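>>> sequence and predicted structure, then a few things I'm wondering about:
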Amino acid sequence: MARIPYADLARPETADLAARIAAERGEVLHLYAMLLHSPPVAEGWLTFLTAIRQRCALPGALRELVIVRIAHLNGAAYEAEQHVPIALREGLTRAQLDALPEWESADVFDPRERAVLAYCDAMTRTVHVAPEIFAALRAHFDPRAIVELTATVGAYNMVSRFLEAIGIDSADDKGAGR
């Protein structure tokens, strides 16, 4: 259960942005219902995450692979719940998603995916990326893809940390909080 109440989406200072979020995302998810306590933060978040998810050239399957891995690493159940269906639509298999917690010993990832997962783990767990991990990544990707991948890992670490610190849960009543 969220540690603070969700924002009132009908407040004059949030109503237009809430309508825009609903139009872009299909609904105002719990995450955005919380972010709307600060319209500038909610608007910046929407713009940034829309760019990451919809405007980058990074393949959707790789994007979702790292998002779900980050959710596992950070214990962010809401993030995983939201992105597993997207990951499957983007072409990841159920076997790959099931293997993510122990991906190093799994045989369902190709060398490019393994390089991405190692990079994601380094960025998430220690922040610093060892030269050999970066070299393996560089063997598969051009600078644009590396920038987009790095931004995606950074962005979704931000998402999971926000979700977990505030206690956002999809089972919450968006009109409640504690």
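Yep, it's here.

>>> helix or strand for the closest residue to residue 10 other than its chain neighbours, which one?
Once flanking residues are discounted, residue 10 sits nearest to residue 18: 7.9 Å by C-beta to C-beta, 6 or more residues apart in numbering. All C-beta atoms are positioned from the backbone trio N, CA, C, and that covers glycine. Residue 18 is part of helix 12-25, with elements assigned from DSSP states H and E.

>>> which residues of this protein fall in helices?
All helices of the chain, identified by DSSP state H, fall at 12-25, 30-35, 39-50, 60-74, 77-89, 94-99, 111-125, 131-138, 143-166.

>>> so what's residue 49 up against?
Residues near residue 49 by C-beta atoms under 8 Å, 6 or more residues apart in numbering: 155, 159.

>>> switch the cut-off to 7 Å
Residues near residue 49 by C-beta atoms under 7 Å, 6 or more residues apart in numbering: residue 155.

>>> do the same with residue 14
Listed by C-beta under 7 Å, 6+ apart, the contact partners of residue 14 are 7, 36, 39.

>>> now a PyMOL select for only the buried ones of the residues you listed.
Burial among the contacts of residue 14 is assessed by 16 or more other C-beta atoms under 10 Å; the matching PyMOL selection reads:
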select buried, resi 7+36+39
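
>>> make a markdown table out of the contacts of residue 14 and add pLDDT.
Converted to a markdown table, the contacts of residue 14 look like this (pLDDT from 0 to 100):
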| residue | pLDDT |
| --- | --- |
| 7 | 95 |
| 36 | 97 |
| 39 | 96 |
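
>>> which one of the contacts of residue 14 is nearest residue 140?
For the contacts of residue 14, the closest approach to residue 140 (C-beta to C-beta) belongs to residue 36, at 38.7 Å.

>>> touching, that closest one and residue 10? I think so.
No. Counting by C-beta atoms under 7 Å, residue 36 does not reach residue 10; the two are 10.4 Å apart.

>>> tell me which residue is most central in the protein.
Nearest to the mean C-alpha position of the chain, by C-alpha atoms, centre = their mean, lies residue 156 at 3.6 Å.

>>> got a pLDDT number for it?
At residue 156, the model reports a pLDDT of 98.

>>> contacting residues around it?
66-67, 70.

>>> and it, how far from residue 14?
Distance, residue 156 to residue 14, by C-beta to C-beta, to the nearest Å: 24 Å.

>>> circling back to that earlier point, for the helix holding residue 18, give the mean pLDDT please.
Here helix 12-25 scores 92 as its mean pLDDT.
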